[in-house]
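Asker: predicted coordinates and the sequence they were generated for:
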Amino acid sequence: MKSCYELNRDRGYSGGPVKSISAALTLLALVPIVASAQEIKPAPYLMRPPGTVRVLPPPEFDRPYTGKLTIERAETPEDMQRICNLKKPALACAFAYDGTRCRIVIVPDEFIRATGYTPEIVLRHERAHCLNWPADHPGQRPL
């Protein structure tokens, strides 16, 4: 299994001082965001029955982060795409540095709520990446 660093390196990301980079909240893959200043549409998959949408980290990664955590707001999903060096817009991403610091970049709450999530769920997911939850999301649990 490849690490977050290897996955991003393979995508052409030059991480500089970043030791491990979480692939952006795989809501990127799970939640197709159609967002512009005029329109925000919820992802169609959110119409699925309760318990079938998996986004929560496994229990071992679903805990507080004890290092220095910085949370930064991107203005739009497109800004998130640029900041996180992604091919598609996303709701959030995490950059884990040397095991003691982590930076989470997240879009404004209205974009998150428009997809059917809450900011708390998105932060919980990203915080798990700060705790080294792999980018391929093994053990992901339903809401």
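Answerer: Received it, and whenever you're ready, just let me know what you need. This structure is a prediction, so every number in the text was calculated from the model and none was measured.

Asker: buried set for stretch 133-143?
Answerer: Buried positions in stretch 133-143, judged by neighbour count with 16 or more other C-beta atoms under 10 Å: Trp133, Pro134, Ala135, His137, Gln140. Placement of C-beta: from N, CA and C, glycine included.

Asker: what's the answer for stretch 66-79, then?
Answerer: Leu69, Ala74, Thr76, Pro77.

Asker: run through who's touching that stretch.
Answerer: For stretch 66-79, contacts defined as C-beta atoms under 8 Å, 6 or more residues apart in numbering pick out 33, 35, 37, 80, 83, 89-91, 99-108, 111, 123, 127, 130.

Asker: out of those, which are buried?
Answerer: Among these, those that count as buried by neighbour count (16+ other C-beta under 10 Å) are 33, 35, 80, 83, 89-91, 102-107, 111, 123, 127, 130.

Asker: tell me which of those residues fall in strands.
Answerer: Among these, the members falling in strands (DSSP state E) are Ala35, Cys102, Arg103, Ile104, Val105, Ile106.

Asker: spatially, which two of these are the most separated?
Answerer: The largest separation in those, counting by C-beta to C-beta, is between Ala35 and Cys102 at 25.3 Å.

Asker: and the lengthiest helix in the chain, average pLDDT?
Answerer: Ordering each helix of the chain by length in residues (DSSP state H) puts helix 119-130 first. If you average the pLDDT over helix 119-130, you get 96.

Asker: tilt between it and strand 101-106?
Answerer: 140 degrees (axes from the mean of the first three to the mean of the last three C-alpha atoms, to 10 degrees).

Asker: and helix 119-130, what's buried?
Answerer: Within helix 119-130, the residues that qualify as buried are Pro119, Ile121, Val122, Leu123, Arg124, His125, Glu126, Arg127, Ala128, His129, Cys130, counting by 16+ other C-beta under 10 Å.

Asker: could you do stretch 54-64 as well?
Answerer: Neighbour counts over stretch 54-64 (16+ other C-beta under 10 Å) mark Val55, Leu56, Pro57, Phe61, Asp62 as buried.

Asker: report the mean per-residue pLDDT for that stretch.
Answerer: Along stretch 54-64, the predicted local confidence has a mean pLDDT of 94.

Asker: for Ala74, give me the pLDDT.
Answerer: Model confidence at Ala74, expressed as pLDDT, equals 94.

Asker: thanks a lot, see you next time.
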